[in-house]
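[1] Sequence and computational prediction follow.
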Amino acid sequence: MSLSLKISNIWAVGRNYADHAKELNNPVPESKEDPLIFLKAGSSVVANEGTFSLPEFSSDIHHECEIAFRFDARLKLSQMTLALDLTAREVQSKLKEKQHPWTLAKSFKNSCPLGPLVDVPKTLNLQQIAFTFKINGEVRQSGHSGDMIHSVAKLREYVLERFPVVEGDLLLTGTPKGVGLIRSGDLLEAEISGLVKARWRVS
Ligand code: ZN
């Protein structure tokens, strides 16, 4: 990993877009409920332009493209990028059935490919961020932050109130519909037009 800053924790949210909750047959949360927060290991990050391998314990690794923010020294979200919250879907389904934590499905080695961090533009409306994710040039996910159930500001406030967030931690804000399998050899690209361009290769 060539990021200069060490990432301790990755705070991620599940089911933050109604269309994605539905595609996995999960109940659609209401905005007045608490967000569903889970952790990914900071050491699971793959830097932008990185090539990474898939875990051997699963042949069902799904992409979840998500807008990600980095907490700065004042715990403000001053930088952003796109990230992949890679998920061992079959494993996650079994863990859900058993009502076990999702760690094995969410926090394996290389489970968080990360795009280049950029400063959040002062003029950016956090409710107006559109992004796309492609595999081998084909669009698989198109998202818009205005569709989030819990806004970026609310997610930040929520995790700061409850968890030991430290400088450099990431906040992943959930994925829209269109999640699916990634395979060995795939070229993965994610983009926020004019702001973030990320790419990774699956070895
Ligand atoms: Zn996710």
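    Structure's in. What do you need? As the structure is a computational prediction, the values presented were derived from the model and not from experiment.
[2] lowest average confidence, helix or strand, in this structure?
    Least confident helix or strand of the chain, by mean pLDDT, DSSP states H and E, is helix 18-23 with a mean of 93.
[3] What are the buried residues along it?
    For helix 18-23, a neighbour-count test (16 or more other C-beta atoms under 10 Å) marks Ala18, His20, Ala21 as buried. All C-beta spots, glycine's among them, are computed from the backbone N, C-alpha and C.
[4] Nearest to the ion among those?
    Set against the ion, the nearest of these by C-beta to the ion is His20 (8.2 Å).
[5] which residues touch that closest one?
    Counting by C-beta atoms under 8 Å, 6 or more residues apart in numbering, His20 makes contact with Glu64, Gly174, Thr175, Pro176, Lys177, Gly178, Val179.
[6] and Cys112, how many neighbours does it have?
    For Cys112, the tally of surrounding residues (other C-beta atoms under 10 Å) stands at 27.
[7] Nearest spatial neighbour of Glu30, chain-adjacent residues omitted?
    Residue nearest to Glu30 in three dimensions, not counting chain neighbours: Ile149, with 7.5 Å by C-beta to C-beta, 6 or more residues apart in numbering.
[8] Flag the shaky bits of this structure, pLDDT-wise.
    1-5 (pLDDT under 70).
[9] Return the residues of it in contact with the ion.
    Glu64, Asp85, Thr175 (C-beta under 5 Å from the ion).
[10] If we ignore the residues flanking it in sequence, what's nearest the last one?
    It refers to Thr175. Distances taken as C-beta to C-beta, 6+ apart place Glu64 nearest to Thr175, at 3.7 Å, with adjacent residues excluded.
[11] what's the answer for Lys154, then?
    Nearest one to Lys154, counting by C-beta to C-beta, 6+ apart, is Pro35 at 7.5 Å.
[12] Correct me if wrong: that neighbour contacts Leu155.
    Yes - between Pro35 and Leu155 there is a contact at 6.0 Å, judged by C-beta atoms under 8 Å.
[13] who touches the residue nearest to Glu30 in this structure?
    Neighbouring residues of Ile149 by C-beta under 8 Å, 6+ apart: Arg15, Asn16, Tyr17, Ala18, Val28, Pro29, Glu30, Ser31, Pro35, Gly174.
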